[in-house]
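**Student:** got a predicted structure here, sequence first:
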Amino acid sequence: MSSAPAAPSDDHPELPGRRPASAVETSSRDETPTETAIRIAGLDSWYGSFHALHGITLDIPERRVTSLIGPSGCGKSTLLRWINRMNDTVPEARATGTLQMGELDILARATDVVDLRRRIGIVFQKPNPFPKSIYDNVAFGPRLHFRMTRSQLDERVEWALRKAAVWDEVKDRLRGPALGLSGGQQQRLCIARAIAVGPEILLMDEPCSALDPQSTLSIEDLIFELREQYAIVIVTHNMQQAARCSDQTAFFYEGRLIEAGPTNQVFTRPRQKRTEDYVTGKFG
Amino acid sequence: MSRETPIETVRLEPIPASRRRAIERSFRILCTTVSLLSVVLLVTLIGAILFQGLPRLSWNFITGMSSRDPSKAGILGALIGSALVCITCAAATLPIGVATAIFLEEYRPQRRWLNVLHRQLELLISNLAGVPSVVYGLLGLSAFVHLFGLFGTIQEPFFEIGVRRYHQYESEADDRMILIPAERDGAATAPVAGMTVYTSDLRSFALRTIDQDAPRVEDPKAARRTIRLGTVGSPTRRTAWYYLRLPFGYTVLAGALTLMLVVLPVVIIASQEAVRAVPGSLRAAALGLGCTRWQVVRSVTLPSATPGIMTGAILAMSRAIGEAAPILLVSGVLYLSSVPKGLMSEYTVMPLQIFQWADDHEREFADLAASGIIVLLVLLTLMNLSAVLVRQRAQRRLH
C-alpha cells in the first residue's frame, strides 16, 4: 500500500454506483425529501407458518438514514434481511409484495442475489471480520466482483478504510490479523469491508449493540458521515441512537408498521399511542 | 393439600455436612479407581507385548520379508502394504468425505420435504459409522475385488491395460530366459529364427533357433540367443507401473477402496463437525458481500474448517491402518514373497500379518506377532500425535 501522507480525494474514481460529490448535501440533519432508493409496498413475510410481517409499506429515501425501531421479535430485522435477500438462507422463509430498488424487483426469483448484495451492503450486529488480515478483509469483496490491479486494490482498500474512519488506527498493521482489533475497530472494519464493493445502500442490523459507549459514538459519527452518499437503513434497540442519527424512523410492533415519519416528529409528536408508549419507555 | 402449620414455621431437618462430604469423597475415590483400572490394564498389555516382542525387534525385522523361517521373517512387506493402502485410501476418502460433509452442511435445501430427505441422509450416514467393518469387507469383496462379476473374472479380466504377455523359453545357454510376445488370449507364437524376442529385462534381440538334434552351441554369447525347436514355453506377463484391470482382484486398490467404505462415514461426520464449527456470522458476512455458495465454501468455510477436517482424517486413517477384518476378506494373500509395488500389486497389511503370525502354531511366530504389534503401536501413536499437533497449531493460529 502506498503511504501517501495526503488524504486521497473523498471521491473514488473507480467506484461504480456512486453519485458525484456535487450532489452531496451538508451533513446537518435534513428532512427534505429525496428520491426513493427502495420502495416497499404491501410486503408480507412468513417463516413456515409464522406470519412475521403484515403488509409493510415504506419508502427508503436516498442519502438519508432510516431507522427501524420496535421491541424484539417485531419484524424489523426480518424486513432488513429481505432488502438484500439474506433471508434466502433461512429455511422456509418466504415473502410476497413489492420490494423494489429502482426498476429492480428484489423479490423476483430471477434477481441475481450476488449482484443485489453487491449493491446493497450489510453490517451485522456482532463484528464479524474474517480470520484473515485487515487488508484481506477489506479486499475480499472487491476481489470477488472486480478485476483489479494490485495498485487499484491497494487504493480501494485505503479509500474504504478512510471512509470507515479506521484508517489511521490500522494503516501500520494492514497485514496483521483483523481479530486483533478492538470490538469497535472490528465493526468499523466490517463497515469498510461492506463499502469497499461500492454499494448504493447500507443495511445495518443493530451495529452498535455489541459495543461500548465510546465505540458506539464513533460508529454513529460514521453513520452520519456515510449518509452523504448512501441510503442507510439501521435496525436499533437504542431509541437515543435512532433519535441521534436517523432522518426517518419507522416503528414496528408485532409484525406491523405502526408509524413512520421524520425522526423528530416520531419522537416528539407521535401520532399513535403505541409509538408514544414505546419511545417514552412505557414498554418494550 | 391441607397443612396444619403455616410453611414458615416448619422446621426443616438439614442434611449433615459430614454426610455430603462422605458422598463427595466416595465418588472421587470411585472415579479415581475406575480411571486407574484402565491405566493398569493398558500398562499390563503394553508391558506384556514389550516383554514378548522387544527381543525380536531389530532393523532386520523391519526390513525383512515374510519367510517360513521365523528367525529371518520381517514385516517390510506388510509395512509397505499398509502405507500404500493407507495413502490410496486417504486419496479416495478425503475428496468424497469432505464434499459430502460440505453438501450436508452448506447446501441444506429450503423446501421442507427435501429438508426431511436431507436429514434422513445424515441419519443414514451416522448409522453407517456403526456397521461392523467385516460387513464392509464383504461388500468390498464383491464390489471392488470382483466388481460384481460385471467385467469377467480375476483370472480372465474383461479390461486390462499396461500388461504384455509372453511365452518364456530357456535359452540354449540355460542361464537366462527368452520372452516371445504372445497373443492377447495367451496363445503362443511358434519360435522362428530371426523373430524379435526379449530378454527378461525386456531388451530386444533377434532369435536363433536350432534343430532338436543339433549339437550344443559352444559360443556362450550365441547360446544365449538360441533356443532349441520343440522346447516348451510357459506363459508369463510383465506389467507396467500403470497396470490396471477390471475387476481389481486382490490388490492394493481393492483393499484401499474397501477401507474407504469403513472410514468414509467417520470422515464425513468429523468433517461435518468441523464445517459446523465455522461461525455462521462469517458465512453471513461472505454472503452479504455477494459471495456465491461456492465462494463461501472456498474462501470462508474450508480455510476455517481445514484443521478440524485434517484431525478427523488423520484419526480415521489411523483406524484404517489398524483394521484387519475387512482386509482379511479382500487381501487373499497368505504368504507374500515380494514388496507390493503399485496399486495393482498383491499385498498384506500389518494387522493381518500380525494375525497370521499369532495364529501360527510355532512359538517363535507368536513372538514375531508381538514385535509387529510394537511397530504398529508406534505408527498409530505417531499418527495420533500428529492429529493433536495439527489441532493445536490451528488453535494457536486463530487466537
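**Tutor:** Arrived safely, thanks for sending.
**Student:** for the stretch 201-350 of chain B, which spans come out with low pLDDT?
**Tutor:** Along the stretch 201-350 of chain B, segments meeting pLDDT under 70 span B:334.
**Student:** what residues does it put near chain A?
**Tutor:** Contact residues (CB under 8 Å from any CB of the partner chain) of the stretch 201-350 of chain B with chain A: B:279, B:281-292, B:295, B:299-300, B:303-304. C-beta: built from backbone N, CA, C; applies to glycine.
**Student:** just checking, which of these belong to strands?
**Tutor:** When DSSP state E is applied, these are split such that none fall in strands.
**Student:** kindly indicate whether the residue positioned nearest the centre of chain A is helix, strand or coil.
**Tutor:** The residue lying closest to the centre of chain A (CA atoms, centre = their mean) is residue A:203, at 2.4 Å. Under DSSP: H, G, I helix; E, B strand; the rest coil, the three-state class of residue A:203 is strand.
**Student:** then the one 4 residues further on?
**Tutor:** Residue A:207 carries the three-state label coil when classified by three-state DSSP.
**Student:** tell me which stretches of the stretch 51-200 of chain A form helices.
**Tutor:** A:76-83, A:113-119, A:134-145, A:150-163, A:167-170, A:183-195 (DSSP state H, counting those that start in this stretch).
**Student:** run the chain-centre distance for the fourth one.
**Tutor:** If I follow you right, that is helix A:150-163. 20 Å (CA atoms, centre = their mean, to the nearest Å).
**Student:** got the angle between it and helix A:183-195?
**Tutor:** Between helix A:150-163 and helix A:183-195, the angle comes out at 130 degrees (axes from the mean of the first three to the mean of the last three CA atoms, to 10 degrees).
**Student:** helix A:150-163 near chain B at all?
**Tutor:** No. Helix A:150-163 stays clear of chain B (CB under 8 Å from any CB), getting no nearer than 12.0 Å.
**Student:** mind listing what's buried along that helix?
**Tutor:** Using 16 or more other CB atoms under 10 Å in any protein chain shown as the test for burial, helix A:150-163 gives A:153-163.
**Student:** mean confidence score for it?
**Tutor:** Mean per-residue pLDDT for helix A:150-163: 94.
**Student:** and what of the shortest one?
**Tutor:** Model confidence over helix A:167-170 averages 92 on the pLDDT scale.
**Student:** what sits against the residue nearest to the centre of chain A?
**Tutor:** A:80, A:83-84, A:120-123, A:232-234 (CB atoms under 8 Å, 6 or more residues apart in numbering or on different chains).
**Student:** pull out the buried members of the residues of the stretch 201-350 of chain B next to chain A.
**Tutor:** The neighbour count (16+ other CB under 10 Å) marks B:282-291, B:295, B:299-300, B:304 as buried among these.
**Student:** quick one on the thing from earlier: how about the residue nearest to the centre of chain A, nearest residue that isn't a chain neighbour?
**Tutor:** residue A:122 (4.4 Å; CB to CB, 6 or more residues apart in numbering or on different chains).
**Student:** count of neighbours near the one you found?
**Tutor:** 25 (other CB atoms under 10 Å in any protein chain shown).
**Student:** could you list the low-confidence segments of chain A?
**Tutor:** A:1-33, A:284.
**Student:** near chain B, which residues of it? Just list them.
**Tutor:** A:84, A:86, A:88-89, A:91-93, A:113-118, A:121-122, A:124, A:126, A:128-131, A:140-141, A:144-145, A:179, A:190, A:193-194, A:197.
**Student:** what's the closest non-adjacent residue to residue A:222?
**Tutor:** That would be residue A:165: by CB to CB, 6+ apart, it lies 5.2 Å from residue A:222.
**Student:** residues in contact with that neighbour?
**Tutor:** A:188, A:218, A:221-222, A:225.
**Student:** how many neighbours does residue A:275 have?
**Tutor:** There are 21 residues near residue A:275, going by other CB under 10 Å.
**Student:** any residues touching the helix or strand hosting it, and which ones?
**Tutor:** Secondary structure assignment for residue A:275, by DSSP states H and E: helix A:273-279. With contact meaning CB under 8 Å, 6+ apart, helix A:273-279 is reached by A:69-71, A:239, A:251, A:253, A:258-259, A:266-267, A:270, A:282-284.
**Student:** now that helix: buried residues?
**Tutor:** A:274-276, A:278-279.
**Student:** dump that helix to PDB, restricted to CA.
**Tutor:** Written as PDB, here are the backbone C-alpha positions of helix A:273-279 (Å, rounded to 0.1, in the frame of the first residue of the first chain):
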ATOM      1  CA  LYS A 273     -50.500   5.900  21.200                       C
ATOM      2  CA  ARG A 274     -48.300   2.700  21.000                       C
ATOM      3  CA  THR A 275     -45.500   4.700  19.400                       C
ATOM      4  CA  GLU A 276     -45.600   7.200  22.200                       C
ATOM      5  CA  ASP A 277     -45.600   4.500  24.800                       C
ATOM      6  CA  TYR A 278     -42.600   2.800  23.200                       C
ATOM      7  CA  VAL A 279     -40.400   5.900  22.600                       C
END
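**Student:** quick check, distance from it to the centre of its chain.
**Tutor:** 25 Å.
**Student:** again with stretch A:152-170
**Tutor:** 18 Å.
**Student:** and stretch B:43-60, by the same measure?
**Tutor:** Its chain's average C-alpha position is 24 Å from that of stretch B:43-60, according to CA atoms, centre = their mean.
**Student:** so residue A:211 sits against residue A:219, correct?
**Tutor:** Yes. Between residue A:211 and residue A:219 there is a contact at 6.8 Å, judged by CB atoms under 8 Å.
**Student:** what touches both of the two?
**Tutor:** A:184, A:187.
**Student:** quick one: residue A:260 is in a strand?
**Tutor:** Yes. According to three-state DSSP, the state of residue A:260 is that of a strand.
**Student:** that one and residue A:70, how far apart?
**Tutor:** Note on residue A:260: its distance to residue A:70, by CB to CB, to the nearest Å, is 11 Å.
**Student:** quick one: contacts for residue A:281?
**Tutor:** When contacts are counted by CB under 8 Å, 6+ apart, residue A:281 touches residue A:239.
**Student:** apart from its chain neighbours, what residue comes closest to residue A:188?
**Tutor:** Residue A:188 sits nearest to residue A:166 (CB to CB, 6+ apart), 4.0 Å away.
**Student:** can you give the contact residues for stretch B:254-263?
**Tutor:** B:84-86, B:88-89, B:92-93, B:96, B:133, B:136-137, B:139-141, B:143-145, B:248, B:316-317, B:319-320, B:323, B:326-327, B:329-331, B:343, B:347, B:349.
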